[in-house]
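Visitor: Sharing a model that was predicted from the sequence below.
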Amino acid sequence: MHDTPMLRGIQRLSDAWLAAAADPSRRLLVWRLPANASRLLAAFFEMQRHDQGRDTPDYFLRVDTPYELGFRYSRQIKQTLLERYLGSQDELRGQGITLGWRGPHAEHPDSAAGVVQVLDSFAEHHGNHLRLLAAVLEPERMVPGDGFERWVDAALAAAPGDRLRLVLVDTEEDPRWQPLLERHASVAARIDAPVDMFAIARDTASQSGGTGPEVLYRQLLADLMLLLERGSPQQVVARAERALGLAQRHGWQEQASVVQMMVAGAWLKAGDHGQAITAYRQARSAADAARSAGNAAAPDLVMQSWFGEAGCWLTAKSPERAAQTYLQASTSAATIPHPMFQLEGQRMAGYCLLQHGKREEARTQLLEAIRIAKPLSMQDRKATTLPQALWDLLQLQDLRRAEKIQLTAPAYLEQTTALHAQAEEAAAKLGPTPTRVQLDVIDAQLHAGLEQAFHRTQQERERLVQGGDEFFRKIVAVGREFLDPHWNGLPTIEHPLDHEIPVWSEPPAMQPLPDPGPLLAGTDLAHVAPPAATPGVVAA
């Protein structure tokens, strides 16, 4: 296989794995790499699935199932392994692997111990074709609490066999599984590897082939990325001068814009807003020249330079200048056209004006942001910052009422966390071999409790919405027309079982609201009632 810097990085991961997995006493292995190496680790796992790239004798089963409850998680892992096994029968036959693994069955309970039994069974059945089965557990999300760690504790207590390794992944920046490593020091180990993604990027640029200025330019860009992460602004500027000289000599105005924005980022990181603003303006000048020459990427670069400069003014505590610049960014986005960024520039202008104490000017800009969203599809609107624009308007109109709506979210999270903890505790009392019937009872009780908490929260939010003045209720009505029929503020609280409205256990709490049409058309802004003399006081 052709040698590349990326493949050499993957080889270092392979060497680190083989060294760590060679110790037969280690049943829990935790990968700990820099956060920016996550894609390299994913590439390593992927390569082990294919004969052509595989360089270890082990099989890696990656499981990203969300963790909500231990018995649900256990059930899903067993199901995931079975589905992948059945789905790869033809491929396995082609590799000469004898099939016939029985798979999970009634004797394997929905518990960590049951999962270990199934994984051990798979590893033993295919022992002639693999050394180890590495179950890589990467829940895409987890309910708050220590449920997942307790599940791992239980899995290790079930004494995984010689061919099984449980694998977790964290980062040097967030070593979240350190408590597990410490708690299970006798059977756990950390896997480190000397992976430097910036060095890999630079080596890739230098070995990308070809000759001439393009190759040198790619190397300079790789150097700039490294210096942005680890160097000083002065070092970034010095290297940028070489890249800019090359770009200007060859008429690469769009590349000159990119380099200037990297320089701006370096100054901004160092807290020098003046230098950063100057660099963003130079980036825009280069992008304008590229646009005049017909470069397709130039309009986006112009827009990005406006947003970058606006952000500098905001962090420099000049909200009025920031608002003006965000409006320029919105106008620039409209010429592309790019409605998402057009809306965001308009919204941020309103936000900045509000920080500057210009309440009515802020309201005008935020309402314009909402009107920009009107022609978009509902799905496209959800991808914009429209929800935040609506929320900014609600806070502007009645801050205390908006805060009360917002506080229902942590209260709801506290309730649902407690319900999950109760379910976990009830399942734990059943021991390592619970029956499906017992777990179904716990599941049903949890579902009922979660739905009750959800509907109580919706009712409280609706009470607060309906107590607001007409403008407040019209903004909520926009949210229900543009985003979701039961939108009621931020943060959004979704149905805990992902059910659509027709199958909710109780009808929606939502009540009729005023028609927002005139507001969206801009015909009744002059008649908006200002907030009460004491802003934000919620009526009883």
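Guide: Sure thing, it's come through.

Visitor: Spit out the contact partners of S74.
Guide: Going by CB atoms under 8 Å, 6 or more residues apart in numbering, S74 touches 109-112, 114-115, 151. The way it works is simple: take the backbone N, C-alpha and C, and place the C-beta from them, glycine included.

Visitor: And the next helix or strand past the helix or strand where it lies?
Guide: Counting by DSSP states H and E, the element that carries S74 is helix 70-87. Later in the chain than helix 70-87, the nearest helix or strand by DSSP H and E is helix 89-94.

Visitor: any idea which strand is longest in the chain?
Guide: strand 164-171 (DSSP state E).

Visitor: other SSEs contacting that one?
Guide: strand 28-33, helix 38-47, helix 112-125, strand 133-137, helix 147-157 (3 or more CB pairs under 8 Å, 6 or more residues apart in numbering; DSSP states H and E).

Visitor: on that earlier part again, could I have the CA atoms of the helix holding S74 written out in PDB?
Guide: Provided in PDB are the C-alpha atoms of helix 70-87 (Å, rounded to 0.1, in the frame of the first residue of the first chain):
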ATOM      1  CA  GLY A  70     -28.400  -0.100  31.200                       C
ATOM      2  CA  PHE A  71     -30.900  -2.800  30.100                       C
ATOM      3  CA  ARG A  72     -31.900  -0.900  27.000                       C
ATOM      4  CA  TYR A  73     -28.200  -0.300  26.100                       C
ATOM      5  CA  SER A  74     -27.500  -4.000  26.700                       C
ATOM      6  CA  ARG A  75     -30.400  -5.100  24.500                       C
ATOM      7  CA  GLN A  76     -29.200  -2.800  21.700                       C
ATOM      8  CA  ILE A  77     -25.600  -3.900  21.800                       C
ATOM      9  CA  LYS A  78     -26.700  -7.600  21.400                       C
ATOM     10  CA  GLN A  79     -29.000  -6.600  18.500                       C
ATOM     11  CA  THR A  80     -26.300  -4.500  16.800                       C
ATOM     12  CA  LEU A  81     -23.900  -7.400  16.800                       C
ATOM     13  CA  LEU A  82     -26.500  -9.800  15.500                       C
ATOM     14  CA  GLU A  83     -27.600  -7.500  12.700                       C
ATOM     15  CA  ARG A  84     -24.000  -6.900  11.600                       C
ATOM     16  CA  TYR A  85     -23.200 -10.600  11.700                       C
ATOM     17  CA  LEU A  86     -26.300 -11.500   9.600                       C
ATOM     18  CA  GLY A  87     -25.600  -8.600   7.200                       C
END
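
Visitor: quick one on the thing from earlier: format the helices and strands packed on strand 164-171 as TSV; extra columns: distance to H447 and mean pLDDT.
Guide: Shown next, in TSV, are the helices and strands packed on strand 164-171 (distance: least, CB to CB, whole Å; pLDDT from 0 to 100):
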stretch	distance to H447	mean pLDDT
strand 28-33	32	97
helix 38-47	34	91
helix 112-125	22	95
strand 133-137	25	96
helix 147-157	17	97
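
Visitor: nearest to L216, of the ones you listed?
Guide: Ranking the helices and strands packed on strand 164-171 by proximity to L216 (CB to CB) places helix 38-47 first, at 25.7 Å.

Visitor: what does the helix or strand following the closest one contact?
Guide: Downstream of helix 38-47, the next assigned helix or strand under DSSP H and E is strand 59-63. Defining contact as CB under 8 Å, 6+ apart, one finds that strand 59-63 is touched by 45, 48-49, 76-77, 80-81, 84, 119, 126, 130, 132-138, 167.

Visitor: ok, back up a step: for the helices and strands packed on strand 164-171, give me TSV that also has mean neighbour count and distance to A290.
Guide: Output for the helices and strands packed on strand 164-171, formatted as TSV (neighbours: other CB atoms under 10 Å; distance: least, CB to CB, whole Å):
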stretch	mean neighbour count	distance to A290
strand 28-33	23	38
helix 38-47	17	30
helix 112-125	22	56
strand 133-137	23	45
helix 147-157	19	49
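
Visitor: So for H356, which of these sits nearest?
Guide: helix 38-47 (39.9 Å).

Visitor: Which elements pack onto that closest one?
Guide: Short answer (3+ CB pairs under 8 Å, 6+ apart): helix 38-47 packs on helix 5-21, strand 28-33, strand 164-171.

Visitor: Does anything pack onto the first one? Which helices or strands?
Guide: The reference is to helix 5-21. Packing partners of helix 5-21 (3+ CB pairs under 8 Å, 6+ apart): helix 38-47, strand 188-191, helix 197-206.

Visitor: returning to that earlier point: the helix holding S74 relative to helix 112-125, how many degrees between them?
Guide: Angle, helix 70-87 to helix 112-125, by axes from the mean of the first three to the mean of the last three CA atoms, to 10 degrees: 20 degrees.

Visitor: got the angle between helix 70-87 and helix 147-157?
Guide: Going by the same axes, to 10 degrees, helix 70-87 makes 70 degrees with helix 147-157.

Visitor: in helix 70-87, what's buried?
Guide: 70-78, 81-82, 85 (16 or more other CB atoms under 10 Å).

Visitor: cool, and stretch 450-464?
Guide: Across stretch 450-464, burial judged by 16+ other CB under 10 Å covers 450-451, 453-458, 460-462, 464.

Visitor: Report the two of those residues separated the most.
Guide: Farthest pair in those, by CB to CB: L450 and L464, 21.6 Å.

Visitor: Please name whichever of the buried residues of helix 70-87 scores lowest on pLDDT.
Guide: In this model, the minimum pLDDT among these belongs to Y85 (85).

Visitor: Tell me if I'm right that that one and R102 touch.
Guide: No - Y85 lies out of contact with R102 (CB atoms under 8 Å); the separation is 10.4 Å.

Visitor: Show me where the stretch 151-300 of the chain dips below the pLDDT cut-off.
Guide: The stretch 151-300 of the chain contains residues with pLDDT under 70 at 205-211.

Visitor: Kindly recompute the last result at 90.
Guide: Counting by pLDDT under 90, the stretch 151-300 of the chain has low-confidence residues at 193-223, 225-226, 229-230.

Visitor: Could I get the full set of helices for it?
Guide: 178-183, 197-206, 213-230, 233-249, 253-269, 273-292, 298-315 (DSSP state H, counting those that start in this stretch).

Visitor: I'd like those as JSON lines, with distance to L519 appended.
Guide: Output for the helices of the stretch 151-300 of the chain, formatted as JSON lines (distance: least, CB to CB, whole Å):
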{"stretch": "helix 178-183", "distance to L519": "52"}
{"stretch": "helix 197-206", "distance to L519": "49"}
{"stretch": "helix 213-230", "distance to L519": "44"}
{"stretch": "helix 233-249", "distance to L519": "46"}
{"stretch": "helix 253-269", "distance to L519": "37"}
{"stretch": "helix 273-292", "distance to L519": "35"}
{"stretch": "helix 298-315", "distance to L519": "27"}
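
Visitor: Columns mean neighbour count and distance to T385 on top of those helices, output as CSV?
Guide: Formatted as CSV, the helices of the stretch 151-300 of the chain follow (neighbours: other CB under 10 Å; distance: least, CB to CB, whole Å):
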stretch, mean neighbour count, distance to T385
helix 178-183, 14, 36
helix 197-206, 18, 30
helix 213-230, 17, 26
helix 233-249, 18, 30
helix 253-269, 23, 21
helix 273-292, 21, 21
helix 298-315, 22, 13
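
Visitor: circling back to that earlier point, between the contacts of S74, which sits nearest M262?
Guide: Distance to M262 across the contacts of S74 (CB to CB) is lowest for W151, with 43.9 Å.

Visitor: okay if I get the helices and strands packed on helix 5-21 as CSV plus distance to E414?
Guide: Listed next are the helices and strands packed on helix 5-21 as CSV, based on distance: least, CB to CB, whole Å:
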stretch, distance to E414
helix 38-47, 31
strand 188-191, 32
helix 197-206, 39
